[in-house]
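Trainee: Here is a sequence with its predicted model. Questions after.
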Amino acid sequence: MTETAAILPKAAAEEARRPAWLRRLRYLEPSNLLWILLVAALLFLVAVPIGKLLIVSFEQQGTGAFTLSNYATAYGRARYLEALANSLMLGALSSLLSVIFAVPMAWAVSRTDMPGKGFTWAIVMGAFIMPPYLGAVGWILLAGPNSGFLNQAWTWLTGLQAPLVNVYTFFGLALVIALHSFPLIFIFVKSALDLVSSEMEDAANILGAGTSTAMRKITLPLVWPAILGGIIVVFLETVALFGTPAIIGIPARINVVTTQLWQFFEYPVRVEVAAAYAMPLLLITVGMITVQKLLLARKGFVSQTGKGGERRPIKLGRWRWAVLGYCGFVGALAVVMPLMVLLQASFAKAWGRGLAWSNLTFENYAYLLFRHEMALTSIWNTLWFSAAAATAAVCIAVLVAYIVARKLVPFGSALAFLAMAPFVIPGIVMAIGFYAAYAAPPIALYGTALIIILAFTARFLPIAFANSAAAVRAVHPEMEEAARILGGGRLRTIARITAPLIIRSLIGGWLIVFIVASRELSAAVFLVGPRTRTMAVLLYDLSEAGNFEVLAAFGGLLLALTLILVAIGMKLAGRDFMLRRN
Amino acid sequence: MRGMSRRGLLASAAIIGSGGPAMRAAAQDLPAHERELYEAARREGEITWYSGQQSAETSEAVGRAFGERYPGVHVNVVRSTSQVAFQRLSQDMRAGVAQCDVFSSTDYSHSTFLKQQGRLMPYTPRNAAGLLEFVRAAGDPDGHFHIFYIGVHLISRHTGQVPEAEAPRSWQDLLDPKWRNKLAVGHPGFSGAIGAWAVLMRKLYGWDYFTKLEKNRPQIGRSSIDPVTMLSAGERQVGVAVPSATALLAISRGNPQSLIYPTDGTVVVPSPSCIQKNAPHPNAAKLFMEYATGPEYFRVTRRYFSESLRQDVPPPDGAKPLDSIKLILPTPQDIEAGVPEVKEQWRDTFGI
């Protein structure tokens, strides 16, 4: 936080030069100091690394002289442009599939009397917890054109040799990504739906609309900001994903931005070209946020007011089993089937030998737990890096969201942009930005835990921010205004009024960041030192090592661990929920 | 080189015959030059080894065995593919941070580049004198880098799906259209060994070899090890340029695979290792070099089916002695000039 120290005197000096500003200083609240700190943190986490990348993209390698040749190189070949187009199409297809998976499930869990809600919730958490590259390995086992269990079952059933499904295709890649991204949309949409009171649907029903019409015309439009936010997040995450395209995309011969960037980082490392190649992605972020603004403009989405409201589940009748069936179908695709094949592999001496007692062993787990040099260290690293990053990200995000929503500072939307920007920077580039900005002396963070925590914080700030912004937006200022009128300061109001209203959302946001950080690969893979490897990096290293039995076992450990933590977290969030209702 | 394996076999049979206790005793009575280094290394306490050579499991085992032989000196094993290991090292260099002591990769040009840049600490381990002649010759005459690993890359088949009679016998056979959608191979952009293999194939048959290979739609992974996994799963039937060590390990676990030594030459890739000039633990690094060129190292790695490069340690079980088969090996110049070219050509031909 040395930046604050540097910024404050400067700001103060400016005040001294401008008497008008000085006079206004008298009206400053202590909270304003916090806002300045926050701006400094955002600058440090986001603006400096991205700015460094921007500068580097115009620099000649070695001399540092201004040049446009990096852009010429980055876009001078059809293969590079094709990778860019592939990423955009992949992002679009994955978000579309994610919406198809997530929105009906979120609606069913939040608004209806569908049975098995706990089961559905578990499916969503499972899909989210499972690292995408692990799911990718599972799907290779399921849908490999020759060996996949699904295809073998298909051949056995029908006698047809042609495979039923092939994971090594564009659709296969998009599907596998969507199966592990849809929970983001689910969580956004469900928490938004939770806040919509039944009165609005009742009004529609009274005017003659059926359940489906009310859902289409009233409920879903009310949560449109959440859906749109979810789509954007999934799109951007897909574009930034490295592991799944490396595992499925390379055999499928689909080059995307991240695998292309990898090539620029091969020796001789062309950071400059990579930076140039990543820049248009920033424009896409700007574009998407603009579109989001236009779509949401001049409409009110406030559903939580100080007046309370009743929430009743919609009765689905016979349809509830069909809806549950759909949730089960998604769960089978996303969790149950890949998990089963992975578990089989993790307890197998040789996975090529299939299911047999003679093939059963605990050796893979024993090897990892007792004899593997890095396995336990990496587990510990993962836990505390992720927890630290989640805490930092949520704290920053909620404050930024609050500032933006309440328009407390000029250029609030610039802050929102800063908080959203990291998501579109592919993790690799983000890592290189951090690397370029902070690895070398005088800051010299390379190889430390701190640089990974900071990179995780920056990288997942958008998730925390999107989550917090939705939560803050749903709280009408009238409740805060009441507190302010009664003499509460800004910080006191936040602490006593706003925070309790959104705390569950924040815990949810913390969990999301924790989970995605614990499985994060693309940023970590370039920042880890010998002592700071995380589970995801170790899994990726194992995926190149030809020993899928051990890989699967390590995946099993990662899942077991995350499940325990999530159970603890949900219990905390759940208990709070119970308290609030009483 | 000819005849060495048989002699090696005899010598090592004598050692194995003398049994475990003798080895343990040997660990306590270190040779004088090792003891001296060990004293200094113990004060440093650890050594960090970036490696893209052995599999992860083997590398870990080497690290553990080193720690047992030299108590108090811990090996941080950082295992990845060679190009990734070199990326890590390049990043360290750009950031001006010294983390790596010993760097091992399967790409010859990494070490020659580091030598040119003056990044290496010359040190000729005393134990290197016992290495096979051709291995010693492939090391740096000035002692900046040494070979204690060679990749042996050949063809493997899924025994359930490809009977021996129908199996390919040479690299040329892989171009037969009957192998369409049945082959699996690594990627030169990730794997140093695949880069070396591609350079040799280009040298033998021209790039045309790969345009024809592409017509058979091989499945492309990253590591040269990936095809072994694909064969274990039954996804593909023939592994191209797989490392013998990983394939033998998979076979020993009961996976239905078998090795094919191509008649037009088994690819041997001498893979150098070097000490960094700015190594944070220079004495431990030197000790590690002594260890890795000495017999102990090869006794450990042969259990994981790596080739022995010393006469006093026999080749791993299931492997043919290297003197009984036709070998082809790239020159350092082939690698330095050729690998960057074939990477680019590969991407143009295979689209990835």
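Mentor: Looks like it came in fine. None of the values given here were measured: they were computed from a predicted structure.

Trainee: Please make it C-alpha for all contacts and neighbour counts, starting now.
Mentor: Will do.

Trainee: quick one: buried residues of the helix or strand harbouring A:Ser95?
Mentor: Using DSSP states H and E, A:Ser95 sits within helix A:78-111. Buried positions in helix A:78-111, judged by neighbour count with 16 or more other CA atoms under 10 Å in any protein chain shown: A:79-84, A:86-99, A:101-111.

Trainee: Stretch A:43-54 too?
Mentor: By neighbour count on 16+ other CA under 10 Å, the buried set for stretch A:43-54 is A:Leu43, A:Phe44, A:Leu45, A:Val46, A:Ala47, A:Val48, A:Pro49, A:Ile50, A:Lys52, A:Leu53, A:Leu54.

Trainee: pretty sure the fifth one is in a helix, no?
Mentor: Yes - secondary structure assignment places A:Ala47 in a helix (DSSP: H, G, I helix; E, B strand; the rest coil).

Trainee: Test my guess that it contacts A:Leu418.
Mentor: Yes - if you go by CA atoms under 8 Å, A:Ala47 and A:Leu418 touch, sitting 6.9 Å apart.

Trainee: pLDDT of the helix holding A:Ser95, averaged?
Mentor: Mean pLDDT, helix A:78-111: 92.

Trainee: can you give me the helices in the stretch 401-550 of chain A?
Mentor: Applying DSSP state H, counting those that start in this stretch to the stretch 401-550 of chain A gives helices spanning A:412-420, A:427-434, A:449-473, A:477-485, A:490-493, A:499-518, A:535-543, A:548-581.

Trainee: Report the separation between B:Lys178 and B:Lys215.
Mentor: The gap separating B:Lys178 from B:Lys215 is 11 Å, by CA to CA, to the nearest Å.

Trainee: Of those two, which one has the most company?
Mentor: The neighbour count for B:Lys178 versus B:Lys215, taken as other CA atoms under 10 Å in any protein chain shown, is higher for B:Lys215 (15 against 10).

Trainee: That one and B:Arg180 touch, don't they?
Mentor: Yes - between B:Lys215 and B:Arg180 there is a contact under CA under 8 Å: 7.3 Å.

Trainee: What about B:Pro262, how many residues nearby?
Mentor: Using other CA under 10 Å, B:Pro262 has 22 neighbouring residues.

Trainee: Check the contact between it and B:His153; I expect there is one.
Mentor: No - B:Pro262 is beyond contact range of B:His153, at 9.6 Å (criterion: CA under 8 Å).

Trainee: With adjacent residues omitted, what lies nearest to A:Ala246?
Mentor: In this structure, A:Ala246 finds its nearest non-sequential neighbour in A:Thr259, 6.6 Å apart by CA to CA, 6 or more residues apart in numbering or on different chains.

Trainee: what's near enough to touch the one you found?
Mentor: Residues near A:Thr259 by CA atoms under 8 Å, 6 or more residues apart in numbering or on different chains: A:Phe242, A:Pro245, A:Ala246.

Trainee: circling back: just the buried residues of helix A:78-111 that are near chain B?
Mentor: Restricting the buried residues of helix A:78-111 to those near chain B by CA under 8 Å from any CA of the partner chain leaves A:Arg79.

Trainee: Neighbours of A:Glu481, how many?
Mentor: By the criterion of other CA under 10 Å, A:Glu481 has 15 neighbours.

Trainee: contacting residues around it?
Mentor: A:Glu481 makes no contacts at all, as judged by CA under 8 Å, 6+ apart.

Trainee: so what pLDDT did it get?
Mentor: On the pLDDT scale, A:Glu481 is placed at 84.

Trainee: ok, back up a step: need the residues touching each of A:Ala47 and A:Leu418.
Mentor: Applying CA under 8 Å, 6+ apart, one finds that no residue jointly contacts A:Ala47 and A:Leu418.

Trainee: related to what we said a few turns ago, what do B:Pro262 and B:His153 both touch?
Mentor: Residues touching both B:Pro262 and B:His153 by CA under 8 Å, 6+ apart: none at all.

Trainee: State whether A:Ala439 and A:Leu445 are indeed in contact, as I suppose.
Mentor: Yes - if you go by CA under 8 Å, A:Ala439 and A:Leu445 touch, sitting 4.9 Å apart.

Trainee: Those two: which is more packed in?
Mentor: A:Ala439 (24 against 20).

Trainee: what about the longest helix in chain B?
Mentor: Of all segments of type helix in chain B, defined using DSSP state H, the longest is helix B:332-350.

Trainee: Check residue 322 and give its pLDDT.
Mentor: Answering for chain A, as no chain was given. Reading off the model, A:Ala322 has pLDDT 91.

Trainee: I was after chain B.
Mentor: Listed pLDDT for B:Leu322 reads 77.

Trainee: And for it, the neighbour number?
Mentor: Each residue near B:Leu322 was counted by other CA under 10 Å, and the total is 20.

Trainee: Report the separation between it and chain A.
Mentor: Look at B:Leu322 and chain A: by CA to the nearest CA, to the nearest Å, they are 24 Å apart.

Trainee: Which helix or strand in the chain has the lowest average pLDDT?
Mentor: I went with chain A, as the question did not name one. Every helix and strand of chain A was ranked by mean pLDDT, DSSP states H and E. The lowest is helix A:2-17, at a mean of 47.

Trainee: meant chain B, my bad for not saying
Mentor: Going by mean pLDDT, DSSP H and E, chain B bottoms out at helix B:4-18, a mean of 42.

Trainee: Longest strand in chain B, by number of residues?
Mentor: Longest strand in chain B by number of residues (criterion: DSSP state E): strand B:145-158.

Trainee: Does that strand reach chain A?
Mentor: No - counting by CA under 8 Å from any CA, chain A is not contacted by strand B:145-158; separation bottoms out at 10.2 Å.

Trainee: and that strand, how far from the chain's centre?
Mentor: Centre-to-centre, strand B:145-158 and its host chain are 5 Å apart (CA atoms, centre = their mean, to the nearest Å).

Trainee: what mean pLDDT does it have?
Mentor: In this model, strand B:145-158 has a mean pLDDT of 94.

Trainee: Could you pull up the residues touching the residue nearest to B:Asp107 when sequence neighbours are not counted?
Mentor: Setting aside the residues directly before and after it, B:Asp107 is nearest to B:Gly192 in space (CA to CA, 6+ apart), at 4.8 Å. B:Gly192 makes contact with B:Thr81, B:Ser82, B:Gln83, B:Ser105, B:Thr106, B:Asp107 under the criterion CA under 8 Å, 6+ apart.

Trainee: Could you check the pLDDT of B:Gly192?
Mentor: For B:Gly192, pLDDT reads 82.

Trainee: Compute the distance between it and B:His153, please.
Mentor: According to CA to CA, B:Gly192 and B:His153 sit 12 Å apart.

Trainee: just B:Gly318 next, same as before
Mentor: Taking CA to CA, one finds B:Gly318 at 15 Å from B:His153.

Trainee: Between those two, tell me which one has more neighbours.
Mentor: Shown here are B:Gly318 and B:His153; by other CA under 10 Å, B:His153 has more neighbours (28 against 15).

Trainee: now the more buried one: how far from chain A?
Mentor: 15 Å.

Trainee: ok, that residue to B:Ala241 distance?
Mentor: Distance, B:His153 to B:Ala241, using CA to CA: 5 Å.

Trainee: Which positions in the stretch 451-582 of chain A make contact with chain B?
Mentor: For the stretch 451-582 of chain A, the residues in contact with chain B (CA under 8 Å from any CA) are A:Phe526, A:Gly529, A:Pro530, A:Arg531, A:Asp541, A:Leu542, A:Glu544, A:Ala545, A:Gly546, A:Asn547, A:Phe548.

Trainee: So what angle separates the directions of the host helix or strand of A:Gly138 and helix A:499-518?
Mentor: Element membership of A:Gly138, judged by DSSP H and E, is helix A:132-143. For helix A:132-143 against helix A:499-518, the angle by axes from the mean of the first three to the mean of the last three CA atoms, to 10 degrees is 60 degrees.

Trainee: Report the buried residues of helix A:132-143.
Mentor: Here helix A:132-143 shows A:Pro132, A:Tyr133, A:Leu134, A:Gly135, A:Ala136, A:Val137, A:Gly138, A:Trp139, A:Ile140, A:Leu141, A:Leu142, A:Ala143 as buried, counting by 16+ other CA under 10 Å.
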